[in-house]
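>>> Provided below for reference: sequence and predicted model.
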Amino acid sequence: MTVVHPTAIVSPEAEVDKDAFVGPFCVVGDRVKIAPGVRLESHCVLEGPLEVGSGTRFFPFSSAGLIPQDLKFQGEETRAVIGERNVFREHSTLHRGTAGGGGVTSVGSDNLFMAGAHVAHDCHIGNHVVFANGASLAGHVTVEDHATLGAYVGVHQYCRVGRHAFLGAFAVLVKDGLPFALSAGNHATCFGPNTIGLKRKGFTREQIDAIHHAFRLLLASKLNTGQAMMKIREELGGRPEIDYLIRFVEESKRGVAK
């Protein structure tokens, strides 16, 4: 049987798996679907339409699926989708999407949202992402796999944060954050590859050397961005991580933080 504390309020329109736990003073609203192994420790608020994947854990005073903080929102049908084994620590918040932004806020699996982290409407989070305390996304932001956002990072609307990117504490990102890179400051600038992080993630010496060379061409040469991309493709193309870096830069609509 599902464990629901007697002080919790669970809507009859919610679907709560029999292997879930709903702790004291939690509120689970209409059209919330909770998978096996989900735990709401206490004082959590979930509103639907919202899907929560198995093994995800919500700590006290966290919330997910509430309406977006967007003045254009008029109560239209939107939703939020959360994958498996995510951790939402105290006071973290995630809002569902808007009609103008595609209608869905999505989170992959195995992510950590530390205390006070915020994911706004229509954001899309990959897998194995870490949000440190107070890190916040404005609307329509994409954060790709294995990225790390330091404490109190702020990311502007429509920006992207690439794979394995590291944003230092208090960074303010107003352009796309380069993958594999360490970026910091207000406004955030790139300080080169996140070498330590790449080693910890199992990148080989050859891969890291190639990324270093690509970043030298992009950041330290006298080439403009387009010329640097041509040079990187000519000298390093064919490697998956380099081809991804090239696509990330060339597909950028806001420009990249260099």
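Yes, it's here. Residues are numbered from 1 along each chain as shown.
>>> use CA for all of it now, contacts and neighbours both
Will do.
>>> let me see the confidence value for the residue nearest in space to the middle of the chain.
Nearest to the mean C-alpha position of the chain, by Cα atoms, centre = their mean, lies residue 125 at 3.4 Å. Looking at residue 125, its pLDDT is 98.
>>> cool, residue 170 as well?
Model confidence at residue 170, given as pLDDT, is 98.
>>> pLDDT below threshold where in this structure?
1 (pLDDT under 70).
>>> domain ranges for it?
What automatic domain parsing lists as the domains of the chain is 3-140, 202-250.
>>> how much space between the residue nearest to the centre of the chain and residue 203?
The spacing between residue 125 and residue 203, counted by Cα to Cα, to the nearest Å, is 22 Å.
>>> and for residue 251?
24 Å.
>>> neighbour-wise, which of those two wins?
residue 203 (14 against 10; other Cα atoms under 10 Å).
>>> helix or strand for the more buried one, just tell me which one.
For residue 203, there is no host helix or strand (DSSP states H and E).
>>> and it, how far from residue 150?
Taking Cα to Cα, one finds residue 203 at 22 Å from residue 150.
>>> one more: residue 38?
Here the criterion is Cα to Cα. By it, residue 38 lies 26 Å from residue 150.
>>> more crowded one of those two?
Using other Cα under 10 Å, the more surrounded residue of residue 38 and residue 150 is residue 38, with 24 against 21.
>>> is it true that residue 21 touches residue 3?
Yes: using Cα atoms under 8 Å, residue 21 makes contact with residue 3 at a distance of 4.9 Å.
>>> who has more neighbours, those two?
More crowded of residue 21 and residue 3, by other Cα under 10 Å: residue 21, with 22 against 14.
>>> centre of the chain to stretch 188-201, how far?
Relative to the chain's own centre, stretch 188-201 is displaced by 18 Å; criterion: Cα atoms, centre = their mean, to the nearest Å.
>>> repeat that for stretch 111-128.
How far stretch 111-128 lies from its chain's middle: 4 Å, per Cα atoms, centre = their mean.
>>> quote the end-to-end distance of that stretch.
Using Cα to Cα, the end-to-end distance of stretch 111-128 comes out at 5 Å.
>>> residue numbering should commence at 49 henceforth.
Done: numbering now begins at 49, and the last item shifts to stretch 159-176.
>>> now, of the domains of the chain, which is deepest in the fold?
For those, the largest average neighbour count (mean count of other Cα atoms under 10 Å) is found in domain 51-188, namely a mean of 21.
>>> and that one, how far out from the chain middle?
13 Å.
>>> all helices for the stretch 199-306 of the chain, in order.
Secondary structure of the stretch 199-306 of the chain by DSSP state H, counting those that start in this stretch: the helices cover 243-248, 253-263, 273-284, 288-298.
>>> list the helices and strands the longest one packs on?
By that I understand helix 273-284. helix 253-263, helix 288-298 (3 or more Cα pairs under 8 Å, 6 or more residues apart in numbering; DSSP states H and E).
>>> and the angle from the last one to helix 253-263?
Here helix 288-298 runs at an angle of 20 degrees relative to helix 253-263 (axes from the mean of the first three to the mean of the last three Cα atoms, to 10 degrees).
>>> what does helix 288-298 contact?
With Cα atoms under 8 Å, 6 or more residues apart in numbering as the test, helix 288-298 has contacts from 210, 226-227, 255, 258-259, 262, 277, 280-281, 284-285, 303-304.
>>> need those residues in JSON lines with distance to residue 181, can you?
Shown next, in JSON lines, are the contacts of helix 288-298 (distance: Cα to Cα, whole Å):
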{"residue": "210", "distance to residue 181": "20"}
{"residue": "226", "distance to residue 181": "22"}
{"residue": "227", "distance to residue 181": "21"}
{"residue": "255", "distance to residue 181": "31"}
{"residue": "258", "distance to residue 181": "33"}
{"residue": "259", "distance to residue 181": "29"}
{"residue": "262", "distance to residue 181": "32"}
{"residue": "277", "distance to residue 181": "35"}
{"residue": "280", "distance to residue 181": "36"}
{"residue": "281", "distance to residue 181": "38"}
{"residue": "284", "distance to residue 181": "37"}
{"residue": "285", "distance to residue 181": "37"}
{"residue": "303", "distance to residue 181": "27"}
{"residue": "304", "distance to residue 181": "25"}
